[in-house]
Structures are given as C-alpha cells and as structure tokens.
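Enquirer: any chance you could fold what I've pasted below:
(one chain, ligands or ions: 1)
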Amino acid sequence: MRKIGLYYFTNDLRFTHNELLALACDQVDELIGVVMPIQISPFVQHHSGEDQVGEHRLLFWQRSVEDLARQFEDQNQSLFIMRSSEAGDLIQLIKTCQVSNIYCNQHPGSDEYELIQEAQESLPNIKVISTNNSTLLDNADLPFELNKLPKSFTRFRKLIEAGSELLNIIEHSPAPVLPKLPNVLRDNLNIAPNISVINTSEKSQISHSLNQTGVALFKGGENAGIAHITDYFRHSYASHYKQTRNALDGMSHSTKFSPWLALGCLSPKTIVSTLRQYEDQYGSNESTYWIQFELLWREYFYWRARASGHALFTNPQDSHALTTEAKAAFNRWKMGNTNYPIVDACMRELNATGYMSNRGRQLAASCLIYELGCDWRWGAAYFETQLVDYDVASNWGNWSYIAGMNGQQTRHFDLEKQTQMYDPQHEFIQRWANTNEMHQIAK
Ligand SMILES: Cc1cc2nc3c(=O)[nH]c(=O)nc-3n(C[C@H](O)[C@H](O)[C@H](O)COP(=O)(O)OP(=O)(O)OC[C@H]3O[C@@H](n4cnc5c(N)ncnc54)[C@H](O)[C@@H]3O)c2cc1C
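Expert: Down below sits the predicted model:
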C-alpha cells in the first residue's frame, strides 16, 4: 500500500538541514506539506490586551513561509496553509487524504503539543513521527530524565558540556527530494477546503503599511537566514561577541540569529556547525565559546518548557487582584511612556522593529514587574504578539525567570545603574525619544 505522509510545519520552517523532512521524504510515497497559521491564543489576547499579532512578527513569518513554499515549487510540489490550527481541521484533512504518517517537530508549546495528541487519539491508526527538530539536543541525549531537569541553568549547562561530543556538530544533510503530492489532492483541491496553496507570487498585503510605521530589520526565510550567518561569520564579530553582546543596539554586537532560529528557518545545529568551522579557521576564544553558552540558554528554556507544560504560564500571585492603576501602567509600558527613559526607548524600538536586545528585554521586564507592579504574564503576552523572534520557551521562560517563578530568585534591575552602564551618553535613549526618528536604527 502506498504511504501518504503529512508534514506539519510549525517552528521548523526550513527545507535543507531539516532531518525530519528528509526522513519523511525517505519513508512515504506521497507527501502533503502544511503550515500552521500564526495565531495568538485567547489566553494571550486576554493578557496582552492585543487581538492580533504585530505587523513585524507577521511579516517575518509570512516571508519565511513564502521562502519555504518557493522551495516546494522548485520541486513541482506545493506547500499548503491550514485555515486554522484547530485539531478538527487537521483530522478532517488526514481523513480526506488518507494520510498514514504525520511528521511534526516536538514543539515546546503545550497548545501545539496537545493538537497533535488530539489528532492521534482520534485516529489511533495514524503513525506520528515527532522529533526534536529545532534544538541541539534530542531527548535521548539528555543526561537526566526530563522530570529531573536541573533547576539552575548552570547545573544544566555543566551536565551538557560534560558530554562534550554532544556539541561537536558536523552537519551533513542534503536537501531532500520531495515525494509528489497525493493524486487525490492534485486532481481536486476542493476536496480539502480547510487548506489552501501558498501563492508565492502574491505580494504580501502588509509590507506596504509596514514601511509607513517602522523598519523591517530582518528578512524572513531560510535563504535570508543562511545569508545572515554567512555574513556574520565572514567578519570577526564572533571573536569579540562576549565584549559586545550586552549592547542595547548595533546589528553586529550580538549575532541576531534569533528570528531565524525561532521559526526554525535555521537549525541551531547549523549555527554550531558553522561556529566550529569558524573556530577551526580563526581560533576559538572566550567569545566564540559564549555564543555556544547562549545557545545553551535557549536549550535550557526549551527543555524547561517541555518539563513544565501548562505550569509555564501560571503565576501564583493571580492578577485578578491588580488594580486598574496597574492596567494603566501596563498600557503606558506597551507604548513606551513609563517615564523610565531606558525602558521607553526599548519599548519604542520593539514597537517600531519587532526586535529588542537581550539587555533591553531584561530591563523592560524588570520594570514592568517590579517598578509598575504588573503581572509578568501581561508583559510576556505582549512580547509574544510583537517579537519577530518570538519563541514560546525562550520568551515565557525568560519572563518567569526574571519574575522569580519556579523557586528561582527574583531579578530586579536597578534602571539608573543599568543606564549608566549601557547608555552613559543617552545615545540609545535619544534615538528613540522622538518617535519621528524611529527609522534611525544603529547599524
Ligand atoms: C524577557 C525576555 C524575553 C525573551 N524572549 C525571547 C523570545 O521570544 N525568543 C528568543 O529567541 N529569545 C528571547 N529572549 C532571549 C534573548 O533576549 C534573545 O534570544 C536575544 O536577544 C536575541 O538576539 P541575538 O540573536 O542577537 O542573541 P545573541 O546574544 O547573539 O545570542 C545567540 C543566540 O542564543 C540564544 N539566546 C541568547 N540569550 C538567550 C536567552 N536569555 N534565552 C534563550 N536563548 C537565548 C538565542 O537563540 C540567540 O539567537 C528573551 C529574553 C528576555 C529577557
């Protein structure tokens, strides 16, 4: 019997160096590639006060999906988008196309994970092949059971680094050859009303409006991501990363890999593999090590999200008790009008570009929680709507970490002192003080 596979793309929007896609192409005779639409949940809408995804995040995602769709077209295939991320729609599609195998990344978000579980429970004969397609490590690599994940990052990192072969990654996965689309779909697309073909020739609706209000700092898609890492490692930035990474702006002060990593346009294995090549050629130092160190933070939050499930989104100090004053402060924070100049500059940068430095994120989060007395989840939810590099595990994990959840110490930053350290001449603050100057991003 012919095997029909369905590849469900979530945060692994890439064609090459996609081990799971290569596996699917090897195992099935016909393949349907579908992308999950970008959406924010009612929980996030409620906590952020926003009813849609910000234009920068949406545009980056659209470009990434289009880039992937183009790679499908190059092999005379099509990439589809689901009309919704409801399990019912997915189940309907599986039944209509007589799918036997589903391939999907092990997403750290509990909603995404449950969707696949629901499909599997309703269709017990379906084979679900789900691997860690967006992390450095696989479940089997972990030197501990997931329910015994170390509480502290340092302990986690040391255990991983002790198994040194885990991080000696040499990548060699050729671009896959796609099986053809199932005949049933090719002959009549109308039989699957819950999906539509991604048309790469249509101009994105929002790109025009974006030019009026902000700056697209990053171009979505695997090709743009590969161009970015190639360019990054062509320079000597990696050899100075540790000294520059905390800067509030400057495109080369930190790697800016995060948007492509978040959507899976780039695999972290590609980055580590390229980093190793750079070290072989130009030598390793504390800075090149530190890029790996930061990628291990990403890894830590991924596994923490997997271990926590829904608990990642809870706050024992429920915000119902919070006053309307806190809500008003939250709205001012979102707009960059808190009267804490460093935080306002960061928030205006986020709104104008969809990006904020790591230092900026820490200060903005600390201010919302400790100066303005808001529920940390409001801020996490707002970041979710805006960040081009939004990643459920890194975002909610970092916020809960600063808020001192999970038995961790709280992280309250002294904004005055941080301004002295990271913006002593107030250049960054000035750049964003006047919203008319939003386009002046430091290069
Ligand atoms: C409140 C808050 C929210 C955040 N939300 C996100 C998010 O939604 N998505 C996201 O990718 N990162 C998030 N981060 C982590 C970090 O701020 C960004 O990864 C980083 O700023 C991206 O810029 P870069 O690629 O130049 O980072 P670099 O400094 O160059 O770091 C290299 C890579 O390491 C990883 N990394 C670095 N720092 C962290 C960290 N603290 N936690 C997890 N991974 C890290 C990223 O993948 C990054 O691309 C958040 C941090 C905070 C404090």
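Enquirer: stretch 122-137: which residues count as buried?
Expert: Under the neighbour-count criterion of 16 or more other C-beta atoms under 10 Å, stretch 122-137 has 123, 126, 130-137 buried. Quick note: C-beta positions are derived from backbone N, CA and C, even for glycine.
Enquirer: report the two of those separated the most.
Expert: With distances taken as C-beta to C-beta, the most widely separated pair in the buried residues of stretch 122-137 is Leu123 and Leu136, at 31.8 Å.
Enquirer: out of the buried residues of stretch 122-137, which are inside strands?
Expert: Those of the buried residues of stretch 122-137 mapping onto strands are 130-131, per DSSP state E.
Enquirer: so which of the buried residues of stretch 122-137 also contact the ligand?
Expert: Among the buried residues of stretch 122-137, no residue lies close to the ligand (C-beta under 6 Å from any ligand atom).
Enquirer: ok, Trp399 - how many residues close by?
Expert: 25 (other C-beta atoms under 10 Å).
Enquirer: return the residues in contact with it.
Expert: By C-beta atoms under 8 Å, 6 or more residues apart in numbering, the residues touching Trp399 are 365, 376-377, 379-380, 383.
Enquirer: how about 10 Å then?
Expert: Contact analysis of Trp399 by C-beta atoms under 10 Å, 6 or more residues apart in numbering lists 312-313, 315, 361, 365, 368-369, 376-381, 383-384, 405.
Enquirer: try Leu149
Expert: Here Leu149 is in contact with 142, 155-156, 159, 300, 303-304, 306-308 (C-beta under 10 Å, 6+ apart).
Enquirer: which one of these sits closest to the ligand?
Expert: Tyr300 (7.5 Å; C-beta to the nearest ligand atom).
Enquirer: which element is that closest one on?
Expert: Element membership for Tyr300 (DSSP states H and E) is helix 286-308.
Enquirer: so which residues of this structure form strands?
Expert: So, for the chain - with DSSP E - the strands run 4-9, 30-35, 79-82, 101-105, 127-131, 195-197.
Enquirer: hey, least reliable of the ones you listed by pLDDT?
Expert: Ranked by mean pLDDT, the strands of the chain bottom out at strand 195-197, which scores a mean of 90.
Enquirer: next, the buried residues of that one.
Expert: Ile195.
Enquirer: repeat for stretch 187-207
Expert: Going by 16+ other C-beta under 10 Å, stretch 187-207 has these buried residues: 192, 194-195, 198, 200.
Enquirer: then stretch 40-59?
Expert: Buried-residue list, stretch 40-59, by 16+ other C-beta under 10 Å: 40, 44, 47-48, 50, 53-59.
Enquirer: equivalent analysis for stretch 250-269, please.
Expert: Those would be 252-269, for stretch 250-269 by 16+ other C-beta under 10 Å.
Enquirer: can you give me the end-to-end span of that stretch?
Expert: Terminal residues of stretch 250-269 lie 25 Å apart, using C-alpha to C-alpha, to the nearest Å.
Enquirer: average pLDDT for it?
Expert: 96.
Enquirer: how far away from the center of its chain is it?
Expert: Put simply, stretch 250-269 sits 9 Å off its chain's centre (C-alpha atoms, centre = their mean, to the nearest Å).
Enquirer: can you check stretch 174-187 too?
Expert: 28 Å.
Enquirer: so Ile126 touches Ala119, yeah?
Expert: Yes - with contact defined as C-beta atoms under 10 Å, Ile126 reaches Ala119; the gap is 7.0 Å.
Enquirer: and this protein, which of its residues are near the ligand?
Expert: So the chain meets the ligand at 245, 254-258, 261-262, 291, 294-295, 297-298, 301, 357-358, 361-362, 365, 383, 387, 389-391, 394-395, 398-399 (C-beta under 6 Å from any ligand atom).
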